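Asker: I would like to see how this sequence folds:
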Amino acid sequence: MPDLARFRARHDAPGELSSADSACILHVDMDSFFVSVELLERPELRGKPVVVGGRPDQRGVVTAASYEARKYGIQSAMPLRTAARLCPHAIFLDGHHAKYTEWSDRVASLLANFSPVVEMVSIYEAYLDLAGTERLHGPPFAAADKLLRAIAKKTGLPCSGGLASTRLVAKVASDQSKPRGLVWVPPGCEMQFLAPLPVRKIPGIGKVTERALHALGIETVEQIAALPQEKLEKIFGKWGTALYRKARGGDSYEFVVDAEPKSISHNHTFGEDTDDLTVMTTVLSHLSQKACKRVREAGLAARTLTLTIRYAGFDTHTRSKTLIESSSLDSVIHTAFQELFRLHRDHGRKVRLLGVSLSGFTHGGEQLDLLQAQQREKLQKLTQAADRLRDKFGFDKVQFGGSLRRDDSPPDDADN
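Answerer: Numbers count the residues shown, from 1 in each chain. Now for the predicted structure:
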């Protein structure tokens, strides 16, 4: 995937909207992403209430729900058993996070074709700065429309977008455009656009703030904007300053080139607690390979490895190891994690979650003593070839032997 992780938003001193601002910030949000990916392989389920996250009799929570399922009150993070009670005839599917990551990478590659500045804020949403792209894609609104159509055509996944002069308004606009829509808020129309919306539509306003605002008789964003900043600050403290700014559509973020990542991690939660050593070592190998690939994509090498083991009852333990020389090679990293696991695993307890994290990054080129030069060169060539194949066919299609499961299917995992 393209090197998008280098871009983020920096939060500086509060800024005010200017009449000179242009609507060039695009927020792209994939509609019900996890469900949509599953429906690519199960098109017969379109139009039906679908819940992703596991079986209704399992512990765990809803990862995503189709719009048809949401009509019954089913929401993300809701216990699966609760979702089953709300909609007994819903279709429950297991999640496949590795597959979602692959589709997210494909979408990210399309985003990178439309702007050199893309910030992936989650696996299914991103901000783009379309300023300066007019010669290639036309005015921002035309470019945004062209991009959303390209995503739908090339991936088959539905998406929505919001175009505005600030990130906050762009995000609210994309939410208002769902599903499969695009909302453009011209400069100067931010307050007018936000005014009739419920206060909960403003990013950052949760249930607690919503209840506090309702207690004051405030139901809409327009009512927040009507209050003096001093009154909001008196009631909410520093958060009152942010509310005053947000109600007017302002934010104080700007795109900057980010520093290199501080850590790269992946984890896997087992559907049922397990003490199967083969299953656990297989998952550990898979997680190690994913983390290593991301390190190589960033042009880095890691020196500090951290293993996370969560047992039944959510009792969580972490153990770290510092390598003599930094590395980005799967064989080196995987061997170190397996050794950590062998030394620190409690054999008398079943495992709920395994996680790996890489940190202490350098810019590579320092793997001098871990392996003989000839052997290291062969491993580097093998790794480069594997990465090229993974980029072409998908990460899970090319795996080293340690992560091939009995059913030949890769384990699901979540990444940070």
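Asker: residue boundaries of the helices in the stretch 151-300 of the chain?
Answerer: Using DSSP state H, counting those that start in this stretch, the helices of the stretch 151-300 of the chain run over 167-177, 190-194, 207-215, 221-225, 229-236, 238-247, 277-297.
Asker: Return the set of buried residues in the last one.
Answerer: Along helix 277-297, these residues count as buried under the neighbour rule (16 or more other Cβ atoms under 10 Å): 279-297. For glycine as for every other residue, the C-beta is placed from the backbone atoms N, C-alpha and C.
Asker: Give the other helices and strands that that helix contacts.
Answerer: strand 263-274, helix 330-344, strand 351-359, helix 373-393 (3 or more Cβ pairs under 8 Å, 6 or more residues apart in numbering; DSSP states H and E).
Asker: same thing but at 6 Å, please
Answerer: For helix 277-297, the contact count by 3 or more Cβ pairs under 6 Å, 6 or more residues apart in numbering; DSSP states H and E identifies strand 263-274, helix 330-344, strand 351-359 as packing neighbours.
Asker: and it with strand 263-274, angle?
Answerer: Orientation of helix 277-297 against strand 263-274 (axes from the mean of the first three to the mean of the last three Cα atoms, to 10 degrees) gives an angle of 170 degrees.
Asker: tally of neighbours for Leu216?
Answerer: Using other Cβ atoms under 10 Å, the number of residues around Leu216 comes to 13.
Asker: ok, how many other residues are close to the spatially closest residue to it that is not a sequence neighbour?
Answerer: Among residues not flanking Leu216 along the chain, Ile235 sits closest, at 7.4 Å (Cβ to Cβ, 6 or more residues apart in numbering). Using other Cβ under 10 Å, Ile235 has 14 other residues around it.
Asker: show me where pLDDT drops low in the stretch 251-400 of the chain?
Answerer: The stretch 251-400 of the chain contains residues with pLDDT under 70 at 252-261, 364-400.
Asker: The same query, at a cut-off of 50, please.
Answerer: By pLDDT under 50, the low-scoring segments of the stretch 251-400 of the chain are 255-259, 365-371, 395, 398.
Asker: Next up, phi/psi of Met166, please.
Answerer: You called it Met, but residue 166 is Thr. Dihedral pair for Thr166: phi -130, psi 160, per degrees, to the nearest 10.
Asker: hang on, I meant Leu216
Answerer: Torsion angles, degrees, to the nearest 10, at Leu216: phi -90, psi 0.
Asker: got the end-to-end distance for stretch 59-78?
Answerer: 11 Å (Cα to Cα, to the nearest Å).
Asker: average model confidence for that stretch?
Answerer: In this model, stretch 59-78 carries a mean pLDDT of 91.
Asker: which stretches of the stretch 1-150 of the chain form strands?
Answerer: Assigned strands in the stretch 1-150 of the chain, in chain order: 7-11, 25-30, 50-52, 64-65, 91-93, 118-122, 125-129 (criterion: DSSP state E, counting those that start in this stretch).
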